[in-house]
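Show me how the following folds:
(chains A, B, C and D)
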Amino acid sequence: WDEPLVMELGRPGARGQLFTLPDPESGVDTALPEALLRSDRPALPELTEFEVQRHYLHLSQMTLGMMGVSLFGTCTMKYNSKTSEFATLRPELAELHPYQHPETLQGVLEIMHDLDAILRALSGMDQFIFQAGGGADAAYTMAAVARAYWQDRGMLHQRTEMVTSIQAHPCNPATAASAGFTVINLPLEENGYPSLEALKAAVSERTALIMINNPDDMGIYNPEIREWVRVAKEAGALCFYDHANFNGVMGKLSARELGFDACMFMLHKTFGAPKAGGGPAVGAYGCSAELAPYLPAPIIAKSGETYVLDEDRPKSCGKIREFWGNVPQVVKAYAWARGMGAEGINLASDISVVANNYMDKKLGEISGLARSNPEISLRRMEMTRWSLQPLYEETGVDTFAVANRMADYGIDPYWMSHEPWLVPQPFTPEAGELWSKEDIDLWIAVLAKVVEEARETPELVKTAPHNQPIAQVKGEVFDDPSRWAMTWRAYQRKRAAAKA
Amino acid sequence: WDEPLVMELGRPGARGQLFTLPDPESGVDTALPEALLRSDRPALPELTEFEVQRHYLHLSQMTLGMMGVSLFGTCTMKYNSKTSEFATLRPELAELHPYQHPETLQGVLEIMHDLDAILRALSGMDQFIFQAGGGADAAYTMAAVARAYWQDRGMLHQRTEMVTSIQAHPCNPATAASAGFTVINLPLEENGYPSLEALKAAVSERTALIMINNPDDMGIYNPEIREWVRVAKEAGALCFYDHANFNGVMGKLSARELGFDACMFMLHKTFGAPKAGGGPAVGAYGCSAELAPYLPAPIIAKSGETYVLDEDRPKSCGKIREFWGNVPQVVKAYAWARGMGAEGINLASDISVVANNYMDKKLGEISGLARSNPEISLRRMEMTRWSLQPLYEETGVDTFAVANRMADYGIDPYWMSHEPWLVPQPFTPEAGELWSKEDIDLWIAVLAKVVEEARETPELVKTAPHNQPIAQVKGEVFDDPSRWAMTWRAYQRKRAAAKA
Amino acid sequence: MAASVRAHPWMGSSAPGVIEDMLREIGAASVAEVFEQIPQDHFRKSLLNLPPQLGSEIELKRDLLSKLKKNKSCEDNLNFLGAGVWQHHVPAIVDEIIGRTEFATNVWGSYQSDHGRNQAWFEFASQLGALLNLDVVQLPVYSWGCAIGHAARMAARLTGRRKILVPQFMDPERLSVLHSYCQPLELAGAIEIICLANSTHTGQIDLADLIAKLGPDVAAVYFENPAYLGNFEANAAEIARLARAAGAETIVGVDPLSLGIVKAPGDYGADIVTGPVQPLGVHMNCGGGVGGFIATRDEERYVREYNGFLVSIAETLTPGQFGFGLASSHQNSYGSREHGKDWTGNSTYLWAIAGAVYMSLLGPEGFAELGRLILARARLAEKLLAEIEGVEILWPASGFKEFVVRFDGTGQTVAEINARLRAKGIFGGKDLSGEGLGFGQSALFCVTEIHTTTDLLRLADTLKEVLK
Amino acid sequence: MAASVRAHPWMGSSAPGVIEDMLREIGAASVAEVFEQIPQDHFRKSLLNLPPQLGSEIELKRDLLSKLKKNKSCEDNLNFLGAGVWQHHVPAIVDEIIGRTEFATNVWGSYQSDHGRNQAWFEFASQLGALLNLDVVQLPVYSWGCAIGHAARMAARLTGRRKILVPQFMDPERLSVLHSYCQPLELAGAIEIICLANSTHTGQIDLADLIAKLGPDVAAVYFENPAYLGNFEANAAEIARLARAAGAETIVGVDPLSLGIVKAPGDYGADIVTGPVQPLGVHMNCGGGVGGFIATRDEERYVREYNGFLVSIAETLTPGQFGFGLASSHQNSYGSREHGKDWTGNSTYLWAIAGAVYMSLLGPEGFAELGRLILARARLAEKLLAEIEGVEILWPASGFKEFVVRFDGTGQTVAEINARLRAKGIFGGKDLSGEGLGFGQSALFCVTEIHTTTDLLRLADTLKEVLK
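Numbering: from 1, shown residues only, chains lettered A, B, ... in the order given. Here you go, the predicted structure:
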């Protein structure tokens, strides 16, 4: 489709949605204060219902989303069950108001309570909440809980530091910093993770908490994590396990058994809820009984046979976000966990790690690629960071170009790396448990093909994609205030100015 | 997408759907007679749930269906309301069994009863039923009702003929013939319709019924239709109005006022229900009180405040199809009629006829096209049959090629003509009320462009399409028993045979 | 009034001024002028008296839902009705795919522009063919009854004979449809329907009666496997053999969901196979989910008698690429009007897509598992009901998902029992008492994969309570 | 046991033999071997005790529905709850589009492969910008409360000041979120939240108090229009003028559905505008439908302070073609970790697509009509309730869709009244009694376009009955 912007479609007076015209005889005064009356007509498009439908159907068809093969690392592409999707579209869920009396919400409270129990079993924690709107928001929840914990002890003015690894997901330092903590980043050392010595040097009576992922995005598992937790707790700090990379260890590890005080799961990735191009998502945050009093309210509890919302939490850190979370995603995660069962969850992590090692083997046979931390010979976890640096040096084709070109073959672009790029020209495939070996083989074959193209016809790759809805987007406007345009009105204004 | 057949996908042991394994301890005997035990494994594909989803999503994206502009004549392309679509997906409709006690079906019976009333108002008939699975099946219903009517009078052995026009929809002669009637086709005369004299010559004491469309697919309205009905009834025949082309006259004409005994409406076209590439559809059949006793049972009736199913119809012609019809489509038609109202229905026929005349004007300006019945200068109804014969003679490009080429520009292929082709190289656009003037203008512009291409690059048009999921299908196998293949197993067998 | 000047969301040219623009182009002074073909005295005289327009989506949705909510569904109640429409599980993916607007829309395009849909159709036929072990499968007709009707007419044309033998214990609903397709006898081309005796001990066709009636004027023998009253026809191969020996066609009706465990009809001599499409992933839709399939061997004599759409794979102008189109289509009524094979028109083709998705979700193992599960659940239900005093299973352990329950021993009528069950949220089996089968107060119960053991215990317990 | 050897429908490599194949390729003897990085003593000791697997879709669906059916929905009951989540009509097309698997899936690709989605996002921002009369709109953050939090932090960074003034009558839910974003004061970068007095006669901000508190340390004044308790802030322009004069930013929260009839905030001096996304075509989802927008003028100082995703139109390598990408993205936490502007992550971007579809369905006339309808219905509700003895509307005819109802004159508590209404299928307004507003037994009622006159009469009649 060569689809215009919706702002360019339609004609004056066309309608896509009518509303009842109020009965003029109802005798009520509907006047607005003069100062607030809108006199201009908002510059919205005017279309029929069908035209709106057709336009957005076209746009959906112009989105590759999981229509091909996506081994998007750190995000654990999963099948998003339509069974649970349809269940959440039911009015029994979609048409609920969170302020309804809990006696009218027993079903949804039961599901959330049951998922809480499942996550407790997986992590060893004592209480989960679903208020956080994503993984980063769960990290922020940790920061807020830590603030409340230290404030309750009168030590917040002293406990002002958060220690993490430079390889931790950016949301950990960013949320801690936003919450007011000073961030200390530990560099990676030769083993692929920060040393225990560096941690010991970093933690002190100023440390409020540490926040870490394990394994990290390179696929490296920090085998000293037990000692880390011990060291941090000896310094009095709280320990938070960011389970963003849970897929490779689920069913295998218990955060609480490793000593952590809290952890978070991404229900929209690991637990099979769609992340829908960036939410609605849920960062399920769980913690020990010691931290539970500081959680954002409400807590879903069971009183006899009745589920209740416990709002009376005097030590609570306050709300992170309105209401109880993205409830449909919670239901989908519950459905995923029930559909998998303990056995399925264990099998999924087995498959994820086996499949990544299979990819490692096959990718290692393609010249032009390099595995991160080549000195580490141990098998990686559920993903591995790779580098296209050799290919780039040889051909000038970078990782962006390769990703764009792979899309031409029906391969959803890969994830490269979070900042900072510790590995040049990175890419991070993650096979997960969804994809068949055939899909993985296709992915590898396409990468090999593009590597070959990079050598033979580098311009073809550099100017990719050639087979997508649009050609390569020219990025120079994105940091140019005189040309960026985040709305049609801004674009029209700037275009007019440029012409003048 | 270059999508393989589902039969070629998957791998042994993959599962898309699991079922509970029966408890071996339940102690029930589940043995089957030896003679009926299946010993082979059906050659079905084996895929994961996601792979099935992805495959059929790809196929859906490879279907142009109303994603462009479709002025498919005789079928009255309409917007298919998602509001009513979603309503019919509700378990309150989808999960109903027709043998449930009527007290548990009051809602659906009410809707069907209400639509009956609406159709009565539109047609003047006294009773509608929805059992027929499409327009053709409603024509068959007419034939069956006529049989019962004449059988009841002991005259069926004598009343064995059905009279219609050569231009009537093929389903009319075909269903009458299948029902056992002898078909008499009246040819068109210079006015574009059969003459009254021809009718008079055709009807007799052997005539069981006449079946006609008006206007016909050429867009020509038979102004003598009142006299037709009078003549037929004088001969004792029943008169059936096939309202396939209702869109141009809805709200304007009443079949009963014109004297007809029965009529049918296509709920899947005229009344906004999707026809979904060929059903489920509904031919709503309505008749006068005189014919009502002969209708297939059940009849939905109201008894006090309760809706009931009247199965006790001793003179009924019997069932045309199991149960009461494609109920979701009936609900959608009801929704369409309520959403339009009398005013909207009238406006829709106004727009349909105006828009077709607008097209007539614009198409008349393109050289290479000819309007059917050029001697008739009166404005056509909601569609017009056109001919590409001049273009074909000039360039060798036929109507199939033009349709295929138009698809390359996002125009859904047009309807050409029912058999027999009274007009050479025909095409029959119908603007209806859905399409905007912009869409109609686009359609005309694309046709003009393709006509131009036919002159400048005829091969380009003849080998079209070039921009669709596949290239032009080679039709020679479709009538070759040694090569046609209606299943994958047949194809594999014949391919193997051809190779050997 | 203000409402009338608002554009309607479903009409592209209802925006103010558009009609006027077009009239100007046409050179017409008014809308009335474009209707000039219609004589004035043809226009309706009566006022078009329709209920008021539901002018907004809000009103329309509310009206629909408020009415539909008066229904009591088989999701909220425990249902044991079958007999032509059965409550099977519809996988979510099926609903997703057939709900896609690309499919659930008015489209009819070319072989190329409809390629995806055509491929799905071919995959329906291919997978159903794999279940049936037959090479030709037509796109579904209106219903199973209609499929039987067309099959009978095919057989009559193939043999030039005008009688068809059907079991006495045939579903009256389907039989009535078959009557419509074959009779009345006053008209040319009618086919006489003759009933075969069924054993009251097994429900199966009486072979002696079959032999007696299988004369040289018989076009076809029709039977179902499993049959209307649930039982299998264990002598299927023998029936087909006898029919063939008499020069008649064997038409069989099968439940496609049984074919993971039950022998394919193509393997016991069936010539023309029919069956319901609804079990293959279509909701009951109050009976609006039905469709019927017809399948045969790939022999020209059969192919030339099909009434509807046969989708064949074919090559395209691009070497190595495949596409699809309609084979042998001149013979249908679109191509040949009254000279065509019966007639066709819009049918139930969306259900072919549903069926394609359904069958590929199940695969061979899924069908086998499903068959075994249904069998186990139905037999368990029989067992639990048989334990109730006064309740008897007519032919225990003889069928697939349906079975006849006799209530004569309870002293209550089926109507009474069902009313009491209904009050407790259970829809009992179809009341057979009025069908003249000779089994007194009896009902046809249907048990499928959606019934859990708990459901069956609930049925048994409630029935006990109701019969007290 | 047999179940364990069946492949799982959600795992591509669970088919028999696939893991073994891969292990063979890898050269690993067992699955355990690929976990060699994990020390043995890290593996969990406790048994993973989860509820039993719901191994079939049938069981899973039934489990979900049986639980969800325990809820009582606002479709089956008449709901007057609002206050942060509102029951508005969701057009069917919106549900269709956001339910498309292309969108409702895990995708994150490139600017090219996600083009359709990116265009929909840009159209969301463009249309919302047209309603707000502002040029920059960010993709939505988690919620309106979160949007206010980010806006406050933007203002603090823009001004270098550390106080924000908010109305005393602010939604405690949103205020609590704002607290989380601004405080506690013990840590660096905290922002002090100071409440402005509201008139108890009009609900509006006390301008004198505002002037008194608008010192040189104030980063921003925040108010909502309409406000938490429903009333409009008629002095909006004056508040913005005062704030600007004091060097503070004006942050406004608006209901986007009011903007067909209410002046755009960009036109009365708002610098940063926030609001809820849920009314724009998203179901309430038990609170899981919320999202918040942030918008400003297109000035670099503002743009450089956004925390999330700004979608800009751009050219592509094909002349004349447009595409989309993220502007100014290095400044977010993905680009700059702890040095970024606050933080971002997965948010509520699917609702941006819903909003785009919603706004294009309504268009300018739809928004105007909707605004007028809501106003008329809410005012009618006020009128009907005010006629009931003992019931009083706090500030009649002063707001948009919400209003405060006082029940002190009835001698009953809101809790009691709501319990009785609930028993009759009505969800009464949000109980404000415990919020310390000084309005005794009072409740916040919300009336929208989904309420018919009949619904309002039913509320009034039921309330009369309940209060008897």
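
neighbours around C:Glu20, how many?
By other Cβ atoms under 10 Å in any protein chain shown, the residues close to C:Glu20 number 11. For the C-beta atoms, the positions are set from N, CA and C on the backbone; glycine is no exception.

Now it, what are its backbone angles?
phi -60, psi -40 (degrees, to the nearest 10).

Identify the residues contacting it.
Residues near C:Glu20 by Cβ atoms under 8 Å, 6 or more residues apart in numbering or on different chains: none.

now do A:Gly364
Residues near A:Gly364 by Cβ under 8 Å, 6+ apart: A:Arg371.

go on, the one 3 residues further on?
The neighbours of A:Ser367, taking Cβ under 8 Å, 6+ apart as the test, are A:Pro390, A:Val451.

Leaving out sequence neighbours, find the closest residue to residue 23.
Assuming you mean chain A. D:Thr453 (7.3 Å; Cβ to Cβ, 6 or more residues apart in numbering or on different chains).

you looked at the wrong chain, it should be chain C
B:Val354 is the one closest to C:Leu23 (Cβ to Cβ, 6+ apart), at 6.3 Å.

so for the helix or strand hosting the one you found, what's the average pLDDT?
Taking DSSP states H and E as the definition, one finds B:Val354 inside helix B:327-363. In this model, helix B:327-363 has a mean pLDDT of 97.

Counting by contacts, list what the helix or strand following that helix packs against.
Downstream of helix B:327-363, the first helix or strand assigned by DSSP H and E is strand B:370-371. With contacts taken as 3 or more Cβ pairs under 8 Å, 6 or more residues apart in numbering or on different chains; DSSP states H and E, strand B:370-371 sits against strand B:386-387.

Please work out the average pLDDT along the strand it packs on.
Strand B:386-387 comes out at a mean pLDDT of 97.

just stretch A:399-416 next, same as before
95.

My understanding was that the residue nearest to C:Leu23 contacts C:Glu25; is that so?
No - with contact defined as Cβ atoms under 8 Å, B:Val354 does not reach C:Glu25; the gap is 9.7 Å.

If you count surrounding residues, which of these two has more?
B:Val354 (28 against 14).

Run through chain A and note the low-pLDDT ranges.
Of all residues in chain A, those with pLDDT under 70 make up the ranges A:25.

try chain C
Looking along chain C with the criterion set at pLDDT under 70, you get C:1-4.

contacting residues for the closest residue to A:Val203 other than its chain neighbours?
In this structure, A:Val203 finds its nearest non-sequential neighbour in A:Ala235, 4.1 Å apart by Cβ to Cβ, 6+ apart. Taking Cβ under 8 Å, 6+ apart, we find A:Ala235 in contact with A:Val203, A:Ser204, A:Glu205, A:Thr207.

Run a quick neighbour tally on the last one.
For A:Thr207, the tally of surrounding residues (other Cβ under 10 Å) stands at 23.

Now it, what are its backbone angles?
Dihedral angles (degrees, to the nearest 10) for A:Thr207: phi -80, psi 120.

Would you agree it is in contact with A:Arg159?
Yes - assessed by Cβ under 8 Å, A:Thr207 is found in contact with A:Arg159 at 6.7 Å.

Now do the shared contacts for those two.
A:Gly236, A:Ala237.

For chain D, see how far away C:Leu459 is.
C:Leu459 is 16 Å from chain D, where distance means Cβ to the nearest Cβ, to the nearest Å.

so who does the residue nearest to that residue when sequence neighbours are not counted touch?
Leaving aside its chain neighbours, C:Leu459 sits nearest to C:Ile426 (6.2 Å; criterion: Cβ to Cβ, 6+ apart). Counting by Cβ under 8 Å, 6+ apart, C:Ile426 touches C:Asn77, C:Leu78, C:Asn79, C:Phe80, C:Arg458, C:Leu459, C:Thr462.

Quick check: beta-bridge partners of C:Ile426?
C:Leu78 (DSSP bridges).

before we move on, the earlier item: what packs against the helix holding B:Val354?
Contact analysis of helix B:327-363 by 3+ Cβ pairs under 8 Å, 6+ apart lists helix B:82-89, helix B:91-94, helix B:106-123, helix B:437-456, helix C:18-26, helix C:31-34, helix C:57-68 as its packing neighbours.

just checking, what packs against the third one?
Same thing as helix B:106-123. Other helices and strands packing on helix B:106-123, by 3+ Cβ pairs under 8 Å, 6+ apart, are strand B:127-132, strand B:262-266, strand B:283-287, strand B:299-303, strand B:306-310, helix B:327-363, helix C:57-68.

Quick check: which of those is nearest to B:Met142?
Among the helices and strands packed on helix B:106-123, the nearest to B:Met142 by Cβ to Cβ is strand B:262-266 (5.7 Å).

got the contact list for the residue nearest to C:Leu23?
B:Val354 makes contact with C:Ser13, C:Ile19, C:Met22, C:Leu23, C:Ile26, C:Ala28, C:Val31, C:Val34, according to Cβ under 8 Å, 6+ apart.

And A:Arg483, by the same measure?
Counted by Cβ under 8 Å, 6+ apart, A:Arg483 has contacts A:Glu476, A:Val477, A:Lys494, A:Ala498.

same thing but 6 Å
By Cβ atoms under 6 Å, 6 or more residues apart in numbering or on different chains, A:Arg483 lies in contact with A:Val477.

now it: how far from A:Ala14?
32 Å (Cβ to Cβ, to the nearest Å).

Show me which residues of chain C are close to chain D?
C:Glu57, C:Ile58, C:His89, C:Pro91 (Cβ under 6 Å from any Cβ of the partner chain).

let's see 7 Å
For chain C, the residues in contact with chain D (Cβ under 7 Å from any Cβ of the partner chain) are C:Glu57, C:Ile58, C:His89, C:Pro91, C:Ala92, C:Glu96, C:Thr101, C:Glu449, C:Ile450.

Return only those of those residues found close to chain B.
Filtering the residues of chain C next to chain D for proximity to chain B (criterion: Cβ under 7 Å from any Cβ) leaves C:Glu57, C:Pro91, C:Glu96, C:Glu449.

Excluding chain neighbours, what is closest to the first one?
Spelled out, that is C:Glu57. Distances taken as Cβ to Cβ, 6+ apart place B:Thr83 nearest to C:Glu57, at 5.4 Å, with adjacent residues excluded.

Help me confirm that the one you found comes into contact with C:Glu59.
No - contact between B:Thr83 and C:Glu59 fails when scored by Cβ atoms under 7 Å: they sit 10.3 Å apart.

In chain C, where's the longest helix?
The single longest helix within chain C, with elements called by DSSP state H, is helix C:350-386.

If you count neighbours, what's buried in that one?
Neighbour-count burial for helix C:350-386 flags C:350-385 (criterion: 16 or more other Cβ atoms under 10 Å in any protein chain shown).

Double-check A:Tyr294 against A:Lys315; I have them as touching.
Yes - A:Tyr294 lies in contact with A:Lys315 (Cβ under 7 Å); the separation is 5.5 Å.

out of those two, which sits in the more crowded spot?
A count of neighbours by other Cβ under 10 Å puts A:Tyr294 above the other of A:Tyr294 and A:Lys315, at 22 against 13.

Report the contact partners of the more buried one.
Shown in contact with A:Tyr294 (Cβ atoms under 7 Å, 6 or more residues apart in numbering or on different chains): A:Val145, A:Ala148, A:Tyr149, A:Asp152, A:Lys315, A:Ser316, A:Cys317.

Count the residues that sit near whichever residue of the stretch 201-350 of chain A sits closest to chain C.
In the stretch 201-350 of chain A, the residue that lies nearest chain C is A:Ala335 (10.8 Å; Cβ to the nearest Cβ). Residues within reach of A:Ala335, counting by other Cβ under 10 Å, total 26.
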